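Chemist: missing the sequence, but the structure's below:
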C-alpha cells in the first residue's frame, strides 16, 4: 500500500496505532437541506474508503465476479452512530481497522473523521461475508487477503 493511498495513524488507543486513514471528499450535494451531511452518505463514504483500501492492496473488481476473488463479498450487518454533524464540504477521512477476521467473514471498524484523524463525526462496524461467485455461498478468504487484513488488526490487549 502506498503512503499516498493511506497512512498509519496515531490513535487514542493505549496499545498504539492501528488501521489506515483513507481520504474522502464531502461534496456540497452530499449535504441535506439543513446543511449537514445526509445520514445515508456516511455509509457511502465508508464503502468508498474500504474499496480504495482494497484497491491499494491490489484487489479489484472489473465486472467479472468469478475473477474478483475476495472482492466478491456482501454486507451482513452495518452499525453506525453519529457523534457530530459534518456541516461543510471538503476533505475528510475514514479510519478503517479490523476487529475480527474469521474463515468466511470479517468485522471492520470505522470512523468518519477530520482529514487528520483528530475529530470524529461518526463511528461504527461493518460485517462482510466472502462469497463464492458461482454458488453465492460463504467461502474462505484467500491467504493473500488474510495477510493484508492482519495489517489492519486492532490490538486485542
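Modeler: Sure, I can see it. Quick caveat: nothing in here was measured; it's all calculated off a predicted structure.

Chemist: all contacts plus neighbour counts: C-alpha atoms, from now on.
Modeler: Will do.

Chemist: mind listing what's buried in stretch 147-156?
Modeler: Of the residues in stretch 147-156, those buried under the neighbour-count criterion (16 or more other C-alpha atoms under 10 Å) are 149, 152, 153, 154.

Chemist: what's it in contact with?
Modeler: 15, 18, 19, 20, 57, 96, 97, 98, 99, 100, 101 (C-alpha atoms under 8 Å, 6 or more residues apart in numbering).

Chemist: what about the fifth one, how many residues nearby?
Modeler: It refers to residue 57. When neighbours are defined as other C-alpha atoms under 10 Å, residue 57 has 16 of them.

Chemist: relative to residue 39, how far out is it?
Modeler: Noted for residue 57: a distance of 29 Å to residue 39, by C-alpha to C-alpha, to the nearest Å.

Chemist: what's the answer for the second one, then?
Modeler: From residue 18 across to residue 39, the span is 26 Å (C-alpha to C-alpha).

Chemist: and the pLDDT at residue 62?
Modeler: pLDDT for residue 62: 88.
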